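Colleague: starting from these lines, generate the structure:
(chains A and B)
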There are 2 protein chains.
Amino acid sequence: MTNYPSILLSDAVEQMASLPGVGRKTALRLVLHLLRQPDKDVEAFAGALTRLKQEVKYCRVCHTISDQEVCPICQSHSRDKHTVCVVENVQDVMSIENTGQYNGLYHVLGGIISPMDGVGPSDIEIDSLISRVENDDIHEVILALPTTMEGDTTNFYIYKRLQNLSTTPPKISQIARGVAIGNDIEYTDEITLGRSIVNRIEFKI
Amino acid sequence: MTNYPSILLSDAVEQMASLPGVGRKTALRLVLHLLRQPDKDVEAFAGALTRLKQEVKYCRVCHTISDQEVCPICQSHSRDKHTVCVVENVQDVMSIENTGQYNGLYHVLGGIISPMDGVGPSDIEIDSLISRVENDDIHEVILALPTTMEGDTTNFYIYKRLQNLSTTPPKISQIARGVAIGNDIEYTDEITLGRSIVNRIEFKI
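Modeller: Residues are numbered from 1 along each chain as shown, chains lettered A, B, ... in the order given. Just a heads-up that it's a prediction; the model follows:
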């Protein structure tokens, strides 16, 4: 058990070590790094975090983090308003945006259905997705959730709900899973490789 | 280049990524983790860091981080006041304290001499060490600095200064370097192993 020479130091290390993946030794190193920075830098550090927490907004259409009521993607006139890509969180939106391959809208669930963690359909943004599809003339819903039991459950639940709409159900698709580009076949895990054979697509030139 | 959907988010990630060893992806993960915590937890996180920075004190005797003018180690009546262990930083004090094998005092230099980084003898707490030795009846100075060129330079400089005192010079020792306990001989690096042979000590039962 480490004895800190100061309660202020021990408190700061305690807080830093509460971050996921940050152990006590790393926390101490980070805190002492901050302590060596000028006062205004430490204030900027703490300020940016508290400001984010206090002032953060979520787009009321797609629920991504945003500085405005409606995020720039939902506001954009150049995007395909008839396609919605359903993702678990904000990082996923950023990852897909970075590919430059998608021009539709998003819907951030803010989690996935996980009975083990006590997360049910009403804890995440599924009702708002269904009402968007019903009211906003959505032609295609792309499911881009993790390939886990929880992701599959959530996919299935959304699929079922979309079948029971009062309006015509949209096309429902999911992102392709397969051998990653540049990866060797022999080092690909069996489940991914197996699925990439079952779900093979026509070879085109 | 990642486009953050919010300036608040981008600022917070920027700050988090300024910590050493924290990349942008990790920073985003940590920031979004904080965002999921209750308001008061984020305030406690930011508060602990700014409070440390604003209110931190350094012991005026040994220069370690402390909540008081003089740290508990320097104040203690049960410690050997005639022995001073010279270390680079606060972490080193904590590491040596954790061994439970040392009962003397410390002197934290707050750095080591490094011409490459523009750190000279006057930038670190060497003058205060010399005056402690001259005035505080110190019998032994233990050098526990890193085994690097900078550490060796600092050791040598302190040694020289201690030879030129107006009072009788104290005994000067340095911590033992050798094969770590539990380590295999064959996997020990050659420099350490070589030095452990040259500096062998008498076998006693």
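Colleague: against residue B:84, how distant is the residue nearest in space to the middle of chain A?
Modeller: For chain A, residue A:89 is the residue whose C-alpha lies nearest the centre (C-alpha atoms, centre = their mean; 1.9 Å). Going from residue A:89 to residue B:84 by C-beta to C-beta, to the nearest Å gives 53 Å. No exception for glycine: its C-beta is placed from N, CA and C like everyone else's.
Colleague: again, but for residue A:50
Modeller: 42 Å.
Colleague: what about the longest helix along chain A, distance to the chain center?
Modeller: As assigned by DSSP state H, the longest helix anywhere in chain A is helix A:39-55. Relative to its chain's centre, helix A:39-55 lies at 24 Å (C-alpha atoms, centre = their mean, to the nearest Å).
Colleague: then stretch A:95-102?
Modeller: On the basis of C-alpha atoms, centre = their mean, stretch A:95-102 sits 13 Å off its chain's mean C-alpha point.
Colleague: stretch A:106-122 too?
Modeller: Remark: stretch A:106-122 is offset 11 Å from the chain centroid, using C-alpha atoms, centre = their mean.
Colleague: and if you look at stretch A:140-147?
Modeller: With C-alpha atoms, centre = their mean as the basis, stretch A:140-147 stands 12 Å off its chain's centre.
Colleague: in it, which residues are buried?
Modeller: A:141, A:142, A:143, A:144, A:145 (16 or more other C-beta atoms under 10 Å in any protein chain shown).
Colleague: for those residues, please prepare JSON lines with the additional fields pLDDT, distance to residue B:60 and secondary structure.
Modeller: Formatted as JSON lines, these follow (pLDDT from 0 to 100; distance: C-beta to C-beta, whole Å; DSSP: H, G, I helix; E, B strand; the rest coil):
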{"residue": "A:141", "pLDDT": "94", "distance to residue B:60": "67", "secondary structure": "strand"}
{"residue": "A:142", "pLDDT": "93", "distance to residue B:60": "65", "secondary structure": "strand"}
{"residue": "A:143", "pLDDT": "93", "distance to residue B:60": "64", "secondary structure": "strand"}
{"residue": "A:144", "pLDDT": "92", "distance to residue B:60": "59", "secondary structure": "coil"}
{"residue": "A:145", "pLDDT": "92", "distance to residue B:60": "59", "secondary structure": "coil"}
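Colleague: grab the nearest non-local neighbour of residue A:146.
Modeller: residue A:88 (6.4 Å; C-beta to C-beta, 6 or more residues apart in numbering or on different chains).
Colleague: how many residues are close by the one you found?
Modeller: Applying other C-beta atoms under 10 Å in any protein chain shown, we find 19 residues neighbouring residue A:88.
Colleague: mind listing what it touches?
Modeller: By C-beta atoms under 8 Å, 6 or more residues apart in numbering or on different chains, the contact list for residue A:88 reads A:108, A:109, A:110, A:111, A:112, A:145, A:146, A:151.
Colleague: do residue A:132 as well
Modeller: Residue A:132 touches A:61, A:84, A:107, A:138, counting by C-beta under 8 Å, 6+ apart.
Colleague: for chain B, see how far away the second one is.
Modeller: If I follow you right, that is residue A:84. 16 Å (C-beta to the nearest C-beta, to the nearest Å).
Colleague: tell me the contacts of that residue?
Modeller: A:62, A:104, A:105, A:106, A:107, A:129, A:132, A:133, A:138, A:140, A:141, A:142.
Colleague: and it, which of the three is it?
Modeller: strand (DSSP: H, G, I helix; E, B strand; the rest coil).
Colleague: give the bridge partners for it, please.
Modeller: residue A:105, residue A:141 (DSSP bridges).
Colleague: pull the number of nearby residues for whichever residue of chain A sits closest to chain B.
Modeller: Per C-beta to the nearest C-beta, residue A:46 is where chain A lies closest to chain B, at 3.7 Å. The local packing of residue A:46 (other C-beta under 10 Å) involves 22 other residues.
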